[in-house]
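Asks: after the sequence you'll find the predicted model.
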Amino acid sequence: LIALMERHGIGTDATMHQHIHTLQERRYVVKHAGTGAGQIFESTWLGEALVTAYQRLGQDKLWRPFLRGAQERDMAAIARG
C-alpha cells in the first residue's frame, strides 16, 4: 500500500501511516494478518459503498488516487509560494 501511495504522490514518509490509519479508523478497509510487505488490505462494504455512491453521482474521480496526489502537489506549491 505504501508503494502505491508513493507512486501516486499521496502523503509523505511522515504522513503515510496516518492516511492508512484513517482509512482503517473510518472502516473503509481492514488489514489482514501478515508482516511487512505481506500485509493485505481489503476494502469493507462501507468502502465499496462509498466508491459506488461516487460513481452513481457521476463523481467517480473523487476516489481515484491521482486526485489526492494532485491536491498534495498543489498544496506543496502554495506553501513554496
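Replies: Nice, I can see it. Numbering: from 1, shown residues only.
Asks: by residue count, what's the longest helix in the protein?
Replies: helix 65-80 (DSSP state H).
Asks: so what touches it?
Replies: In this structure, residues lying in contact with helix 65-80 by Cβ atoms under 8 Å, 6 or more residues apart in numbering are 4, 5, 8, 9, 10, 11, 61. (Each C-beta comes from the backbone N, C-alpha and C, glycine too.)
Asks: and for stretch 44-57?
Replies: Surrounding stretch 44-57, the residues in contact under the criterion Cβ under 8 Å, 6+ apart are 23, 26, 27, 28, 29, 30, 43, 60, 62, 63.
Asks: residue 63: what's it in contact with?
Replies: Neighbour list for residue 63: 50, 51, 54 [criterion: Cβ under 8 Å, 6+ apart].
Asks: repeat that for 10 Å
Replies: 28, 47, 50, 51, 52, 53, 54, 55 (Cβ atoms under 10 Å, 6 or more residues apart in numbering).
Asks: of those, buried ones?
Replies: Restricting the contacts of residue 63 to buried positions leaves 28, 47, 50, with burial counted as 16 or more other Cβ atoms under 10 Å.
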